[in-house]
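Visitor: Requesting a structural model of the entry that follows:
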Amino acid sequence: MRVALVMVGVSLLGVAWIAGTQQFGAPDEASHYLRALSITNGRILGPKVRYTDFPLTPAEEVWANHNTRAVMVPARLTPPNVRCMNGKPDLNGRCLVEDVSGNYPPMSYLLPAVGLSVSPNTSTAIWVVRAASALPSLALLILAVALAWDGTGWSVLGLLAATTPMVFFSSSILNPSGMQITACLAFAAALIRISRAPAEAPRWAWLAFGASGALAILAGPIGLEFVILELALFGVLLGRAGVRELRGTTGRWTLRVSALTLMAAAVLALIYSRVAGFEATFEMSPLLPSLREGITQLPPVLKGGVGIFGALTVFLPLAAYWIWWAGVVSLVAAAIWLGDRRARLVTVGVGVLALAFPVFFYAWVSRSTGFGLQGREVLPPLLLIPLVAGEVVSRRSSIIAQRRSARLALGGALAVLAVFLGYAWWYDARAVAGAPHTIRFYAHAIWTPPIGWLPWVALAALGTLALLAFASTEALAAVRLAAARGTPGRGGAVVV
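Guide: Down below sits the predicted model:
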């Protein structure tokens with residue numbers, strides 16, 4: 001199947017990204033490592049302690065003190081630059097260490113906790129836990145591809161446009177964002193798949209709907225909000241006719257199981273938030289100044305949605321951010337051009353609400369923490385823009401599918417996405433290796449990942465080539481279409 005090329009490409013690129021960041025060089029990775037270690041120790045929540053690690057502003061200090069928990073850390077598994085609570089390094093034995101992520105929901109840390117239990121030392125452990133953290137994220141990405149696929153390249157165009165380099169980066173480091181983002185992608189792909197024909201949706205799509213939604217709810221602090229937002233979109237995509245058709249399937253056990261799974265996950269998330277003290281502070285006052293502050297967060301969030309790597313230190317060239325979002329805008333424009341009145345309203349509405357989410361979330365919730373907003377924290381709503389636009393184009397593709405120019409445009413768009421994803425990995429790896437001004441960075445690297453750079457370069461290259469091969473099948477389809485129609489050669493009429 002042609003879709004296997006997409007699955008292979010996504011998988012290989014995802015694995016290659018694991019080596020794209022130095023040990024503990026990702027945002028708050030040492031803190032998330034300690035969170036996983038607390039679960040390894042058999043503690044869902046450690047004792048609450050005050051945060052004293054780095055100087056903070058008053059607002060930041062309040063937030064940190066609210067979340068910090070103590071973790072018992074063996075000397076052999078102590079992250080670098082982490083000291084005991086008495087201020088001294090732990091050279092042997094074990095000691096208590098404060099962890100500012102100590103009350104984060106445990107779901108994203110379960111597999112890394114298992115990895116830590118079998119790791120002999122810190123140097124090995126960081127790579128084991130990254131692989132363990134990446135595994136479910138890559139599985140969810142593959143699931144999203146399978147859900148979106150309907151036999152044509154049009155069906156996965158929106159999903160690939162939503163799978164930004166930041167999705168791969170977040171999935172390759174130890175943090176809860178990777179699982180939450182990919183679970184939300186799979187959940188959105190499931191609702192899109194079901195909304196195409198609710199009565200004909202396969203059982204596995206309903207089960208994927210429930211499982212991915214539950215993971216999205218439990219993976220991070222605001223997962224429930226993301227799922228509610230996507231469920232609202234589900235209702236919009238279904239429309240009245242779809243809702244009536246869905247009611248006719250209420251006897252299917254898979255629907256009931258999926259609904260009960262989502263409800264159980266929501267209840268667990270609410271209970272955990274109350275027990276762990278991870279409840280958000282909602283504050284609208286002062287209204288206009290807070291909204292202005294939220295708007296100032298939007299440009300860095302849009303950059304972060306495409307990709308800011310390392311410890312928020314590796315930025316893509318400015319043109320790269322413009323290229324990606326220009327591609328998304330082009331996809332939205334295509335959806336507006338091809339869609340009917342209702343599809344246009346849905347496309348525009350999703351775009352407006354997705355862009356408004358980070359503004360309002362920062363203005364009324366996150367602003368109280370004193371920290372700025374990162375793109376990966378609010379990426380799920382932003383990814384709905386290309387997902388929905390791509391779905392509209394896919395559903396209306398029959399209008400243009402027989403045009404050679406349209407099939408060539410589809411192949412070209414998929415090829416650009418593939419090249420961009422490969423380029424982003426190469427650009428990040430070059431910076432991380434310490435050779436940012438050479439094409440063959442691996443030959444001049446100051447820092448190298450496990451087993452050297454060449455195997456990871458090969459994985460990234462093969463992943464990119466797999467996606468390019470998929471893109472080429474769409475371009476070749478245009479050539480076959482022209483041949484089937486008997487298009488004359490040079491000087492003849494051209495089929496468009």
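
Visitor: Check for me that Met72 belongs to a strand.
Guide: Yes - if the criterion is DSSP: H, G, I helix; E, B strand; the rest coil, then Met72 is within a strand.

Visitor: can you pull the contacts of it?
Guide: With contact set as C-beta atoms under 8 Å, 6 or more residues apart in numbering, Met72 has these partners: Ser38, Asn41, Gly46, Arg94, Cys95, Leu96, Val97. Where you see a C-beta, it was placed from the backbone N, CA and C, and this is true even at glycine.

Visitor: can we see that at 7 Å?
Guide: Met72 sits next to Asn41, Arg94, Leu96 when contact means C-beta atoms under 7 Å, 6 or more residues apart in numbering.

Visitor: Repeat that for Ile308.
Guide: Contacts of Ile308 (C-beta under 7 Å, 6+ apart): Val314, Phe315, Gly375.

Visitor: ok, now how distant is the residue nearest to Ile336 when sequence neighbours are not counted from Thr296?
Guide: Excluding the flanking residues, the one nearest Ile336 by C-beta to C-beta, 6 or more residues apart in numbering is Arg344, at 5.0 Å. Using C-beta to C-beta, to the nearest Å, one obtains 30 Å as the distance from Arg344 to Thr296.

Visitor: Sketch out the helices for the stretch 251-400 of the chain, chain order is fine.
Guide: 253-276, 287-306, 318-338, 341-364, 379-395 (DSSP state H, counting those that start in this stretch).

Visitor: longest helix of this protein?
Guide: helix 453-484 (DSSP state H).

Visitor: Tell me where the model's unsure across the protein.
Guide: For the chain, the stretches with pLDDT under 70 are 247-251, 279-280, 477-496.

Visitor: What ranges does the stretch 1-150 of the chain have for its strands?
Guide: Assigned by DSSP state E, counting those that start in this stretch, the stretch 1-150 of the chain shows strands spanning 69-74, 94-99.

Visitor: so the first one versus strand 94-99, what angle?
Guide: Translated: strand 69-74. Interaxial angle of strand 69-74 relative to strand 94-99 (axes from the mean of the first three to the mean of the last three C-alpha atoms, to 10 degrees): 140 degrees.

Visitor: can you list the contacts of Met72 in TSV and add neighbour count and distance to Gly210?
Guide: Putting the contacts of Met72 into TSV (neighbours: other C-beta atoms under 10 Å; distance: C-beta to C-beta, whole Å) gives the following:
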residue	neighbour count	distance to Gly210
Asn41	16	31
Arg94	15	40
Leu96	16	39
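
Visitor: Take these and write them to TSV, including distance to Ile385.
Guide: Putting the contacts of Met72 into TSV (distance: C-beta to C-beta, whole Å) gives the following:
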residue	distance to Ile385
Asn41	41
Arg94	47
Leu96	45
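
Visitor: Pick the one among those closest to Ser170.
Guide: Asn41 (25.8 Å; C-beta to C-beta).

Visitor: residues contacting the closest one?
Guide: Met72 are the contacts of Asn41 under C-beta under 7 Å, 6+ apart.

Visitor: separation between it and Met85?
Guide: Per C-beta to C-beta, Asn41 is found 15 Å from Met85.

Visitor: what does Gly25 give?
Guide: In terms of C-beta to C-beta, Gly25 sits 24 Å off from Met85.

Visitor: of those two, who's got more company?
Guide: Neighbour comparison, Gly25 and Met85: the larger count goes to Gly25, with 18 against 15 (by other C-beta atoms under 10 Å).

Visitor: Quick check: that one touching Ala311?
Guide: Yes - counting by C-beta atoms under 7 Å, Gly25 touches Ala311, with 5.6 Å between them.

Visitor: By neighbour count, which of the contacts of Ile308 wins?
Guide: Of these, with other C-beta under 10 Å as the count, Gly375 tops at 23 neighbours.

Visitor: any idea how far Arg395 is from the residue nearest to that one when sequence neighbours are not counted?
Guide: In space, and not counting its chain neighbours, Gly375 is closest to Gly304: 2.1 Å by C-beta to C-beta, 6+ apart. According to C-beta to C-beta, Gly304 and Arg395 sit 30 Å apart.

Visitor: ok, the two, which is more surrounded?
Guide: Gly304 (26 against 21).

Visitor: List the contacts of the more buried one.
Guide: Met166, Gln374, Gly375, Arg376.

Visitor: Make a markdown table from those and add distance to Leu246 to it.
Guide: Formatted as a markdown table, the contacts of Gly304 follow (distance: C-beta to C-beta, whole Å):
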| residue | distance to Leu246 |
| --- | --- |
| Met166 | 33 |
| Gln374 | 36 |
| Gly375 | 34 |
| Arg376 | 33 |
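
Visitor: burial count for Leu135?
Guide: Leu135 has 17 nearby residues by other C-beta under 10 Å.

Visitor: ok, it touching Pro112?
Guide: No - contact criterion C-beta under 7 Å: Leu135 and Pro112 do not qualify, at 9.8 Å.

Visitor: Mind putting the strands of the stretch 1-150 of the chain into TSV with distance to Ser330?
Guide: Formatted as TSV, these follow (distance: least, C-beta to C-beta, whole Å):
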stretch	distance to Ser330
strand 69-74	46
strand 94-99	44
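
Visitor: Looking at these, which is nearest to Pro106?
Guide: strand 69-74 (11.8 Å).

Visitor: Pull out the CA atoms of the closest one and give them to me as CSV.
Guide: Output in CSV follows, covering the C-alpha atoms of strand 69-74 (Å, rounded to 0.1, in the frame of the first residue of the first chain):
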residue,chain,number,x,y,z
ARG,A,69,7.7,17.7,44.9
ALA,A,70,10.6,15.8,46.3
VAL,A,71,12.0,12.8,44.6
MET,A,72,14.5,10.2,46.0
VAL,A,73,17.3,9.9,43.4
PRO,A,74,20.1,7.3,43.4
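
Visitor: number of nearby residues for the closest residue in space to Ser123 that isn't next to it in sequence?
Guide: Nearest residue to Ser123 in three dimensions, chain neighbours excluded: Gln23, at 7.3 Å (C-beta to C-beta, 6+ apart). Gln23 has 19 neighbouring residues, counting by other C-beta under 10 Å.

Visitor: same question, Asn92
Guide: So Asn92, with other C-beta under 10 Å, has 8 neighbours.

Visitor: and if you look at Phe168?
Guide: Considering only other C-beta under 10 Å, Phe168 is surrounded by 31 other residues.

Visitor: Look up how far Ser133 lies from the residue nearest to it when sequence neighbours are not counted.
Guide: Among residues not flanking Phe168 along the chain, Trp17 sits closest, at 4.6 Å (C-beta to C-beta, 6+ apart). The gap separating Trp17 from Ser133 is 11 Å, by C-beta to C-beta.

Visitor: and of the contacts of Gly304, the nearest to Met263?
Guide: Using C-beta to C-beta, those come closest to Met263 at Arg376, 27.3 Å.

Visitor: tell me the contacts of Val3?
Guide: Val145, Trp149.

Visitor: switch the cut-off to 10 Å
Guide: Ile142, Val145, Ala146, Ala148, Trp149, Asp150, Gly151, Thr152, Gly153, Ser155, Val156, Phe470 (C-beta atoms under 10 Å, 6 or more residues apart in numbering).

Visitor: wait, what's in contact with the fifth one?
Guide: This means Trp149. By C-beta under 10 Å, 6+ apart, the neighbours of Trp149 are Met1, Arg2, Val3, Ala4, Val6, Met7, Ser155, Val156, Leu159, Ala189, Arg193.

Visitor: Now intersect those with the helices, please.
Guide: Val3, Ala4, Val6, Met7, Ser155, Val156, Leu159, Ala189, Arg193.

Visitor: Which PyMOL command selects the buried ones in the residues you listed?
Guide: In PyMOL, a selection of the buried entries from these looks like this (16 or more other C-beta atoms under 10 Å):
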select buried, resi 3+6+7+155+156+159+189+193
